[in-house]
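S.K.: this one's sequence-less:
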């Protein structure tokens, strides 16, 4: 639903996804612990039709990064690649 609200394109051949995890505190954490959540996000983008599949042929990443302190969430950046 977020992809639809954001009016993301459909039918891209290859994208790179970077995800920044934003936490409400500056305490240390293991950003990779959110990989299952990000996997669900990527699956949703595939279901939406952004890319045909989440195989290496169509997807680089997702790369997880610390996003600093702020309103908790995951900021996903999608870059189309040739």
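M.R.: Okay, I see it. Keep in mind it's a predicted model, so treat the numbers as computed, not measured.
S.K.: what pLDDT, on average, does stretch 9-21 get?
M.R.: Mean pLDDT, computed over stretch 9-21, is 98.
S.K.: what's the straight distance from one end of it to the other?
M.R.: One end of stretch 9-21 sits 23 Å from the other (CA to CA, to the nearest Å).
S.K.: where do the helices sit along this protein?
M.R.: 2-5, 35-48 (DSSP state H).
S.K.: Kindly reformat those helices as TSV containing mean pLDDT and distance to residue 57.
M.R.: The way it works is simple: take the backbone N, C-alpha and C, and place the C-beta from them, glycine included. Formatted as TSV, those follow (pLDDT from 0 to 100; distance: least, CB to CB, whole Å):
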stretch	mean pLDDT	distance to residue 57
helix 2-5	92	20
helix 35-48	96	12
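S.K.: just these: most buried one?
M.R.: Each of these was assessed for mean neighbour count using mean count of other CB atoms under 10 Å. The highest is helix 35-48, with a mean of 14.
S.K.: Residue 13 and residue 46, how far apart?
M.R.: 13 Å (CB to CB, to the nearest Å).
S.K.: Overlap in contacts, these two.
M.R.: Common contact partners of residue 13 and residue 46 (CB atoms under 8 Å, 6 or more residues apart in numbering): residue 52.
S.K.: Tell me the buried residues in stretch 63-78?
M.R.: 64, 67, 74, 76, 78 (16 or more other CB atoms under 10 Å).
S.K.: ok, so of these, who is nearest residue 42?
M.R.: Nearest to residue 42 among the buried residues of stretch 63-78, counting by CB to CB, is residue 76 at 8.9 Å.
S.K.: ok, the closest one - contacts?
M.R.: So residue 76 contacts 17-19, 41, 62 (CB under 8 Å, 6+ apart).
S.K.: That concludes my questions; thank you for your assistance.
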